[in-house]
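*Asks:* Okay, sequence plus prediction incoming.
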Amino acid sequence: MGDNRQIAIIGFKGCGKSTVGKMLAKKLGRQFQDTDDILEELYLAKNGEKLGFREIYVRHGRGVFENLEIEALNKALEGEDKVISFGGGALMTMDSRGIEAQNAIMVYLTAESGVLFDRIIALGIPAFFTTTDPRDSFEQLLEKRRPIYERYANITIDNSYISPEQTVDEVIEALKEKSLI
């Protein structure tokens, strides 16, 4: 039953990709990888300097960042039996460049916009939100990305009001129902 493809966790910032991804990987006995971490490792190897993924974007711009992001995605998608957390914008980069992730089952974690916004703001206003109207910039970016997440998703789980543990259980149940594990 099922297959050994990677399970890619996709969704907007604050949806729980890393938290759920790590827990899911542990429960399934798979390796966990986060494309943001891989991107940072690639940058360090190429430049001899450790920077966070947001700092890389700010310092070097979108083009350099997206090239590293594609390299990180390709590295993460190699092999099988992994759970991968895609950076919030990684799928947009793949989509804009016509890159397919055929060796991955896409699990889209979503939440109501108010819940997502509250989760994000609890950690401070991200650099990609305007400080004058962070809610509006959030809503605009979410509306731009949502159709792409939905198009790629094999499974969608709304975790607005459930715990990460419950989210993992729902993901596993959905994977089993579709004979994907």
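*Replies:* Sure, I can see it. Numbers count the residues shown, from 1 in each chain.
*Asks:* what mean pLDDT would you report for the strand or helix carrying Arg146?
*Replies:* Taking DSSP states H and E as the criterion, Arg146 maps to helix 134-152. Mean pLDDT, computed over helix 134-152, is 95.
*Asks:* cool, stretch 34-52 as well?
*Replies:* Stretch 34-52 comes out at a mean pLDDT of 96.
*Asks:* which outside residues touch it?
*Replies:* By Cβ atoms under 8 Å, 6 or more residues apart in numbering, the residues outside stretch 34-52 that reach it are 18, 21, 53, 56, 59, 65, 68-69, 71-73, 75-76, 84-87, 90. For every residue, glycine as well, the C-beta is placed using N, CA and C.
*Asks:* Check stretch 13-20 too.
*Replies:* With contacts defined as Cβ under 8 Å, 6+ apart, stretch 13-20 is touched by 9-11, 34, 85-86, 88, 109-111, 116-117, 119-120, 126, 159, 164, 167-168, 171.
*Asks:* ok so, going back, the helix holding Arg146: what's the following helix or strand?
*Replies:* Sequence order places strand 155-158 as the next helix or strand after helix 134-152, per DSSP H and E.
*Asks:* Going by neighbour count, which residues of that following strand are buried?
*Replies:* Residues of strand 155-158 classed as buried: 155, 157 (neighbour count, 16 or more other Cβ atoms under 10 Å).
*Asks:* for it, packing partners?
*Replies:* strand 104-110, helix 164-177 (3 or more Cβ pairs under 8 Å, 6 or more residues apart in numbering; DSSP states H and E).
*Asks:* among those, which is nearest Gln140?
*Replies:* Checking those against Gln140 by Cβ to Cβ gives strand 104-110 as the closest, at 17.0 Å.
*Asks:* What is the subsequent helix or strand relative to the closest one?
*Replies:* Strand 104-110 is succeeded, C-terminally, by helix 113-121 (DSSP H and E).
*Asks:* Summarise which helices and strands that following helix is packed against.
*Replies:* helix 134-152.
*Asks:* can you list contacts of the helix it packs on?
*Replies:* Helix 134-152 is contacted from outside by 10-12, 88-89, 91-92, 95, 101, 106, 108, 110, 113, 116-117, 120-121, 125, 128-130, 156, using Cβ under 8 Å, 6+ apart.
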